[in-house]
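S.K.: I'd like to go over a predicted model; first the sequence, then the structure.
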Amino acid sequence: MHLKSLFMITETLELTLCKHCSTPVPSSRNDFFCCAGCKAVFELLSTTELCDYYEIRKRSGTFKKPSPVKFWSEKGLGADPFAYLDVPSFRQDLGINSDQPQASFYLEGVHCTACMWLIEKLPEILPQHVANARLNLQQSVVKIEFHPQGSITETARALERMGYSPHLIKTPEQVQTLEKKDTQSFLLKLVVAGAAAGNIMLFAAAIYTGAGGWVKTYFDWIVFVISLPVFGYSALPLYQNAYHALQNRRWSVDIPIVIALAAGFMVSALSVWRGTDQNYLDSLTGLIFLLLATRYLLMRLQKNAFEGMQFFDSLVPVQVLNSLGQMVWVRDLKKQDCIEIPAGLTIPVDGVIQKGTSQINEAVLTGESIPRIAKVNDQVYSGTINLESPLWVEVQAVADDTRMGKILQEIQQFDLSAAPTVRMSEQVAKYFTGGVLVWSLGLWIYLVAEGGSVLASFERILSVLIVSCPCAFAIATPLALIQAYQILIKKGLYLKNPASLDSVTPVKRVAFDKTGTLTLGQFEVQHWEWSKSISPADRRGMMDCSCQLEAISQHPLSKAWRRYGEAFLSGITYTATRVSHFVEVPGNGISGIVDGHSIELKPSSGASELRSNDTHSGFTSVDFIWNGALVAHISFKDELRKDIPMVIRQLKQLGLEVWMLSGDQKAPCWEVARQVGIEDSNVLFCLTPETKSQWIKNHPETLYLGDGANDGLALKNAHLGIAVHGALDLSLKAAQGYLIQNRMAAVLDLFTVSSETQKVLVRHLIFTVVYNGATIAIASKGMLHPLFAAVLMPTSSLLVLVSTIWGTKALRKLKVP
Amino acid sequence: MSILVLIVPLALLLGLFFVGAFWWGLRRGQYEDLESPKHRMLLEKD
C-alpha cells in the first residue's frame, strides 16, 4: 500500500525523481529508483514499517539530498567485507568486551535528522543483536552496544542494506577513552581559568577603585588564593609547550608568555606578602584564560570525523581457502603457499597464477576500467578483483610486502613525517613576541640603570608584555580558518585540516583522474545501433535472449548491457535459465545458445559495417552476433559527472592549467577530455600509480583530484590532494580533503574561500601590527597601567573577532545557502 | 564593611559550586555531542 500511494503522487510529474534519493532517474531505467541500491533500501524500509523515515525527512530542517546508494558489492570490494567482524580473535585484537560488546562505525551517507531516527531504530530492526545505538550526527559516527551474543557482522550488513556504508572504527576502546579524557581535562582547565579570572576581576576592581586598609589586604590574599589553581593547573599546557619547545631547541610563542607569567606571578606574590601595589594577578589570569580558549577552539577543529577514517577497514579479505581446502588466515600465509581465489573475491596477496584463467579488475591499482585477462604464470596483485572464474595462486607476498601494502605504507609514513603547514600568523607571532621580549628586557635594564626601582620599573615591562601579546591575531587566524572550513563543508568539501587552505594560494594547475573522478565510474550503454534489416519485433526477442546470456557474466559491460535490456523490456529481471553451451573467453566476449539461437557478443573488430561514422570511436564497443550474422553494434560509455564541464571552464578562467591523468587507454581518455573541455595536449594516459605520482612530484604546484586507490600516492604527493565523492578508503586516507557531495563545483568554492580568507588574514595582520605597535609605544613610555593593558588586549581580540565574522563580501555571499 | 568577611567566602563557594556542576556534567559526557540531542528530542514519540 505504501509503495502504491507514494508512486501515485509523482506520476503527474514529467521527470521521475528517485523515491529514495531524489536524483532524477535515467529515462532508460523505467523505474521509480535511480539505482538498485536505492530500490533495495526503500523496500527494506517498507517491509520493516519504517517508512516514517521519508515523512521525518520531509519535515527535517537539516535535510540535504542524499546520494544514490552504492553497496559494497557494487564497489567491487569482495563478496563479504563484514564476515571477519565476528571472528573471535579479531574481536579480541580490538579489545571488544565479550560481556558488553561495543563498536563504533563511521557511516557514509548520513545526512539529516531522519537518518538519525532510522539508525537509532537498529534495536528494533535487529532485536536479537543490538541493545542500543546512538548516532553522533556531526561526526557521522554511530556507537552500538550489542547483546552478549549479538553479531557485529549482521549489524554491519543491516546498516549497509539501509544505505549507510559502515566503516568500523578500529581505535581500541582504551585509546578512545584516553582521548576523551584529554579533551575533558582541557575543557576543565579552561573553565577553571575562566571562573577564576572572572572572580579575580571583581576583587581587583574593588582594589583599583580605592579599597584600602584591611579590605585591600583581605582582597589581595583572596585574589592570590583564587589564582593558584590557574597557575598551578590551568596553565599546565602552556608550560608543557614552552618546555617541549626549549627541549627541541625551537622557538614558540609560549616561551615569552611563560616568562611573563612566571615573573608576573613572583612580583605579584611578593607584593601581596608585603602589601604593596604590584598585584597583576588579574591581568595574568585573564591572559591564561584567553590563551586557553584559543587553543581549545583549535583543538575542537582538529578532532573531526576524519580521525575515525584513519582506521578504515582493510581492502582485502582476511581469510581464504588454501590448496588443501582449509580456511586459513591471510596474514599467516607464507611464500609458495597455494590458495584458491573464487570469482568475485578481492585477491588478498601478490602471487602467480598456477591454475585457471580469468579476468581481473585492476582498477584499484591502474585505474584501467576494462578487466585484464590473467592466465597461468601471470602475476596478480593484492587488492585487485577476480571477476570470472576461480584461480589458484602461488603466494609471493602478503600484507605489507605486497605492492598495495607498500603503497599504503608509503602513505602512512608520509602521515607521520609530513610537517603541518606553518601558518603565516604563527610566524608573525613568533618574531613579534621574540622582539617584544628583547625590547622589554632592554627597557627594564635601561630603566633600572637610570635609577628606577626594580619593582616599579617592572610594572612598565609587564604592561608592555601583556599589551603586546598577539592574542588578537592568534585568535583571529584559527577563527578565520574555522569559518572558511565551515563554509566549505556547507558547500560539500571536507578538509582534514583547515590549514590546507593556505596551500590553495600557490596552486597553478588542477589535475583530474578520469574514471570515477571526471566520470562516475559506471558503464552505461551509450549507443545501440541495430542493423536496418532487423524488424522492431525481432529486436525485442533478440534483446531478451542476449540478456539471458549476459545474466551469467559478471563483467561490468555485461551488467550495463543487462541494465539497458531490463529497462528496454520494462522491468524483467533475468536469471539465466534458458542458456546452454555458455562460453566466456576472457577479453573476447561471451557466446552461448538461448532458445535454440546461437548468440555471440564480442568486442568490436573495428571493421564492422554498422560503424558508419567515427563519433563513437572513443567508446568501448561490442558486436551482437545472432546466428552468425551481425545484428547490432553497441557502444558503452562511462557517465560524466554533471557539473564537470562548467567547473573546468571556470578553473581555466581563474588562470589555472587543467590536466587529466588516467590509467586508461588513449581513445576513451581523449573522448572524455573532449567532452569536459581539456586539451589533448594536457591528457596523459596509460599511467600507473607510480608514474602518476611521479608526474605530480615533478609538478609541485598541483591540486589533484582522484578517487581510486590507484590515486592514493598521487593524492598524497600532490601539493593539495582531494578525494572525490564515492572514493575508496585508501584515497581518503591519503587526501587532504574530501568532496562529501556529488558536486564538483565545491572545488571552485575552495579557490574563492581561500583567497578571501587570505584577505581577511592580511587585514588582521595590518590591524594587529598598528594596534600593538601603538600600545607598546605608550606602555614603554610608562603611560599604561597593567590594568589598562589587560583591557586593551582583549578589546583588540574582540575587534578582530567581529572583523572575522564580518568577513568579506564574497564570503558572506557563500554563507547564504 | 565587616560583612565582607562572610559574604566573600560565600560568593566564592557559589562560584566553586558552579565549577563543580560543570565538572559533573563533563564527566557524564554532556559535552561530547552538542548536535544530535536537539534533533533526537523532536523524534522521541513516547
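M.R.: That came through, no problem. Numbers count the residues shown, from 1 in each chain, chains lettered A, B, ... in the order given.
S.K.: near chain B, which residues of the stretch 101-250 of chain A? Just list them.
M.R.: A:113, A:116-117, A:120, A:134-138, A:180, A:184, A:187-188, A:191-192, A:195, A:199, A:215, A:218, A:222, A:226 (C-beta under 8 Å from any C-beta of the partner chain). In short, each C-beta sits where N, CA and C put it, glycine included.
S.K.: give me that answer again for 6 Å
M.R.: By C-beta under 6 Å from any C-beta of the partner chain, the residues of the stretch 101-250 of chain A that approach chain B are A:T113, A:M116, A:W117, A:N136, A:L137, A:Q138, A:Q184, A:V191, A:A195, A:N199.
S.K.: which of the residues you listed fall in helices?
M.R.: Counting by DSSP state H, those place A:T113, A:M116, A:W117, A:Q184, A:V191, A:A195, A:N199 in helices.
S.K.: what does the least confident helix or strand in chain B by mean pLDDT contact?
M.R.: Here the helix or strand of chain B ranked lowest by mean pLDDT, DSSP states H and E is helix B:36-43, holding a mean of 80. Residues outside helix B:36-43 that contact it (C-beta atoms under 6 Å, 6 or more residues apart in numbering or on different chains): A:T113, A:M116, A:W117, A:N136, A:L137.
S.K.: now with 7 Å, please.
M.R.: A:I56, A:T113, A:M116, A:W117, A:L135, A:N136, A:L137 (C-beta atoms under 7 Å, 6 or more residues apart in numbering or on different chains).
S.K.: mind giving me the ChimeraX command for buried ones among the residues you listed?
M.R.: Selecting only the buried entries of the contacts of helix B:36-43 in ChimeraX, with 16 or more other C-beta atoms under 10 Å in any protein chain shown as the criterion:
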select /A:56,113,116,117,135,136,137
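S.K.: tell me the two of the contacts of helix B:36-43 that are most distant?
M.R.: A:I56 and A:N136 (18.3 Å; C-beta to C-beta).
S.K.: for chain B, which helix is longest?
M.R.: Chain B, longest helix under DSSP H: helix B:4-27.
S.K.: which secondary structure elements does that helix contact?
M.R.: With contacts defined as 3 or more C-beta pairs under 7 Å, 6 or more residues apart in numbering or on different chains; DSSP states H and E, the packing partners of helix B:4-27 are helix A:173-208, helix A:213-229.
S.K.: which one, of the ones you listed, ends up nearest to A:H244?
M.R.: Nearest to A:H244, of all those, is helix A:173-208, at 15.9 Å by C-beta to C-beta.
S.K.: in the closest one, what counts as buried?
M.R.: Buried residues in helix A:173-208, counted by 16+ other C-beta under 10 Å: A:176, A:183-184, A:186-197, A:199-201, A:203-204, A:206-207.
S.K.: and what of stretch A:581-601?
M.R.: Neighbour-count burial for stretch A:581-601 [16+ other C-beta under 10 Å]: A:F582, A:E584, A:P586, A:G589, A:I590, A:S591, A:G592, A:V594, A:I599, A:E600, A:L601.
S.K.: lowest average pLDDT across the helices and strands packed on helix B:4-27?
M.R.: Mean pLDDT is lowest for helix A:173-208 among the helices and strands packed on helix B:4-27, at a mean of 86.
S.K.: what's the angle from it to helix A:213-229?
M.R.: In terms of direction (axes from the mean of the first three to the mean of the last three C-alpha atoms, to 10 degrees), helix A:173-208 departs from helix A:213-229 by 160 degrees.
S.K.: tell me what helix A:173-208 is packed against?
M.R.: Helices and strands touching helix A:173-208, by 3+ C-beta pairs under 7 Å, 6+ apart, are helix A:213-229, helix A:281-302, helix B:4-27.
S.K.: looking at the ones you listed, which is buried most?
M.R.: When those are scored by mean count of other C-beta atoms under 10 Å in any protein chain shown, the highest mean neighbour count falls to helix A:281-302 (a mean of 21).
S.K.: let me know the pLDDT of A:P603.
M.R.: What the model reports for A:P603 is a pLDDT of 71.
S.K.: that one: neighbour count?
M.R.: 14 (other C-beta atoms under 10 Å in any protein chain shown).
S.K.: what does A:W273 give?
M.R.: Residues near A:W273, counting by other C-beta under 10 Å, number 11.
S.K.: I'd like to check the angle between the strand or helix carrying it and helix A:213-229, please.
M.R.: Element membership for A:W273, per DSSP states H and E: helix A:254-274. Orientation check (the same axes, to 10 degrees): helix A:254-274 against helix A:213-229 gives 150 degrees.
S.K.: what residues are up against A:W528?
M.R.: By C-beta under 7 Å, 6+ apart, the contact set of A:W528 is A:A632, A:I634.
S.K.: quick one: it from chain B, how far?
M.R.: Remark: distance between A:W528 and chain B (C-beta to the nearest C-beta, to the nearest Å) = 47 Å.
S.K.: now A:K39
M.R.: In terms of C-beta to the nearest C-beta, A:K39 sits 26 Å off from chain B.
S.K.: can you tell me which residues contact the closest residue to that residue other than its chain neighbours?
M.R.: Leaving aside its chain neighbours, A:K39 sits nearest to A:F33 (3.9 Å; criterion: C-beta to C-beta, 6 or more residues apart in numbering or on different chains). Contacts for A:F33 were tallied using C-beta under 7 Å, 6+ apart; they are A:C18, A:K19, A:H20, A:V25, A:K39, A:F42.
S.K.: quick one: what helix or strand has the fifth one in it?
M.R.: What that stands for is A:K39. Taking DSSP H and E as the criterion, A:K39 maps to helix A:36-47.
S.K.: need the next SSE after that helix, C-terminal direction.
M.R.: helix A:52-59.
S.K.: quick one on the thing from earlier: most widely separated two among the contacts of A:F33?
M.R.: Farthest pair in the contacts of A:F33 (C-beta to C-beta) is A:V25 and A:F42. Separation: 12.6 Å.
S.K.: so what's A:A484 closest to, chain neighbours aside?
M.R.: Nearest residue to A:A484, sequence neighbours excluded (C-beta to C-beta, 6+ apart): A:T757, at 4.4 Å.
S.K.: same question for A:P101.
M.R.: Distance criterion C-beta to C-beta, 6+ apart; nearest residue to A:P101, sequence neighbours excluded, is A:F146 at 4.1 Å.
S.K.: contacts only, for the one you found.
M.R.: Contacts for A:F146 (C-beta under 7 Å, 6+ apart) come out as A:P101, A:Q102, A:H129, A:V130, A:A131, A:I152.
S.K.: any idea how far the first one lies from chain B?
M.R.: Right, A:P101. Noted for A:P101: a distance of 20 Å to chain B, by C-beta to the nearest C-beta.
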